[in-house]
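Peer 1: Prediction below, plus the sequence it came from.
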Amino acid sequence: MLPKTLVFTLLALVLIYGLWEARPLLIGPSLSVTSPTAGEVVQSGVLTILGTALRATTLTLDGAPLLADATNGHFAVTLAYGPGTSILTFVARDRFGRSRTTTRTIFVPN
């Protein structure tokens, strides 16, 4: 028969390992927008949007779906904006309904 301390130690190690492996599911999606930066001035009105969304099943920009690479989560899209200020709202949502939201404001001069 095994000593109680050994049994408890083994159970604790199994629990810690299980929590470590479940960590991505527990923390939800992550969202990082590298371009545009906050308050960026876009002279031409044409903007390349770059970023990464991890552990997300859906990714949207102002409600329209964005496609992220399935293996590394990178996304890139080029869009044209008219003169003025635009607020871009990115939302990454995981399969459990948890979400991360990031906003960026850009300005296109006349």
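Peer 2: Cool, got the structure.
Peer 1: helix, strand or coil for L11?
Peer 2: Three-state call for L11 (DSSP: H, G, I helix; E, B strand; the rest coil): helix.
Peer 1: Can you report how many residues neighbour it?
Peer 2: By the measure other C-beta atoms under 10 Å, the count of residues near L11 is 10. No exception for glycine: its C-beta is placed from N, CA and C like everyone else's.
Peer 1: For it, which residues are in contact?
Peer 2: Counting by C-beta atoms under 8 Å, 6 or more residues apart in numbering, L11 touches no other residue.
Peer 1: Mind telling me which residue is nearest the centre of the chain?
Peer 2: The centroid of the chain falls nearest to L31 when counting by C-alpha atoms, centre = their mean (2.0 Å).
Peer 1: Return the residues in contact with it.
Peer 2: The neighbours of L31, taking C-beta under 8 Å, 6+ apart as the test, are G51, T52, A53, A56, L59, F90, V91, A92, R100, T101, T102.
Peer 1: Low-confidence stretches in this structure?
Peer 2: 1 (pLDDT under 70).
Peer 1: ranges for the helices of it?
Peer 2: 4-27 (DSSP state H).
Peer 1: all strands of this structure, in order?
Peer 2: For the chain, the strands defined by DSSP state E occupy 30-35, 40-41, 46-54, 58-61, 64-65, 74-80, 84-93, 99-108.
Peer 1: where's the fifth one relative to the chain centroid, distance-wise?
Peer 2: Meaning strand 64-65. 14 Å (C-alpha atoms, centre = their mean, to the nearest Å).
Peer 1: That one pairs with which strands?
Peer 2: strand 58-61 (antiparallel) (DSSP bridges).
Peer 1: what comes into contact with the strand it pairs with?
Peer 2: Taking C-beta under 8 Å, 6+ apart as the rule, strand 58-61 contacts 31, 49, 53, 65-68, 75, 77, 88-93.
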